[in-house]
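Q: Using only what follows, build the 3D model:
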Amino acid sequence: MALDEVSITRAIVTEFTKSFLECTDVDCALVGAGPANLVAAYTLAKSGADVVVFERKIAVGGGMWGGGMMFPRIVVQEEARRFLDEFKIRYTEFEDDLYVADSIESVCRIAASAIDAGARFFNLVSVEDVMIREDNRVSGLVLNWAPVAAAHLHVDPLTIRSKVVIDGTGHDAEICKIVAEKVPETLRIQGEQPMWADRGEGVIRDFTKEVYPGLIASGMAANAVSGGHRMGPIFGGMMLSGERAAEVAMEIIGAIGTGM
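A: Numbers count the residues shown, from 1 in each chain. Model prediction:
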């Protein structure tokens, strides 16, 4: 059978549109597809939640791809080694309970696990605003194509509804900053502190929480909001934060489901 270019176009547009429309009203929308939100998406989808992830760049994985200074290796501490086993990521034991894994393998295996669990991903999508209604809680996202934002084009966005949103946009904490700017005196961004791996890893799980009704900060966004330290190419805290973000999200989703 001869390949027909128009049929190829129709196949892509039809299937994309169908998938996107299914994600216009979800349990949880995650912004940013770095390691914390990849783990959060996996954990949520595995628990049965309807999950969508929006990533501004062409590839998922955030800062994990580059490892440390473009050496494609990451470090995970003993507390988080179970994630390497969970995602079947190969690793080597180093000293002082440190485990070294290939950064590229790590991204691929976690992302594939999240997709297998049922999470849906859209790349090249930028979140430019949030929706907040009479109940004063984040209830959805305002979306546009990332190239539109990069080119500063005046193109109106589209929206999706979500019971809860997880900001996993890294050091910039972009969604939290939008809320802090749009709804003054409700959310204070303390800012990320200088590099201190031990302290940063030690607090990130506790800093992963609902920072505004309907909005959870995960990963480095959590440390940026609450004033935690930067950690560098150790990613156990990111994984623990993603798991915690999913737990908090499920509590919120459950409460909304029961009308509490």
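Q: Just the buried residues of the top helix by length along the chain, please?
A: For the chain, the helix that runs over the most residues, judged by DSSP state H, is helix 236-257. Across helix 236-257, burial judged by 16 or more other Cβ atoms under 10 Å covers 236-246, 248-250, 252-253. From N, CA and C alone the C-beta is placed, and that goes for glycine too.
Q: I'd guessed Arg90 sits against Glu105; true?
A: Yes - applying Cβ atoms under 8 Å as the test, Arg90 and Glu105 come out as touching, 6.7 Å apart.
Q: Centre-most residue in the protein?
A: The centroid of the chain falls nearest to Asn37 when counting by Cα atoms, centre = their mean (2.9 Å).
Q: where's that one relative to Asn136, distance?
A: For Asn37, the distance to Asn136 (Cβ to Cβ, to the nearest Å) stands at 25 Å.
Q: who's in contact with Val142?
A: 127-131, 157-159 (Cβ atoms under 8 Å, 6 or more residues apart in numbering).
Q: now, among the residues you listed, which is nearest to Leu141?
A: Using Cβ to Cβ, Val127 comes nearest to Leu141 of those, at 5.1 Å.
Q: Does that closest one belong to a helix, a strand or coil?
A: Of the three states, Val127 takes strand under DSSP: H, G, I helix; E, B strand; the rest coil.
Q: who touches it in this structure?
A: 31, 54, 56, 141-143, 174-175, 178.
Q: For Tyr42, see how far away it is.
A: Using Cβ to Cβ, Val127 is found at 21 Å from Tyr42.
Q: circling back: now, which of the buried residues of helix 236-257 sits nearest Asp50?
A: Once Cβ to Cβ is applied, the member of the buried residues of helix 236-257 that ends up nearest Asp50 is Ile253, at 9.2 Å.
Q: Tell me if I'm right that the closest one and Ser47 touch.
A: No - counting by Cβ under 8 Å, Ile253 does not reach Ser47; the two are 9.2 Å apart.
Q: that older thread, who has more neighbours out of Arg90 and Glu105?
A: Glu105 (16 against 11; other Cβ atoms under 10 Å).
Q: what's the nearest residue to that one if we skip its chain neighbours?
A: Once flanking residues are discounted, Glu105 sits nearest to Ile89: 5.9 Å by Cβ to Cβ, 6 or more residues apart in numbering.
Q: looking at this, that neighbour is in a helix?
A: No - counting by three-state DSSP, Ile89 is not found in a helix; it is coil.
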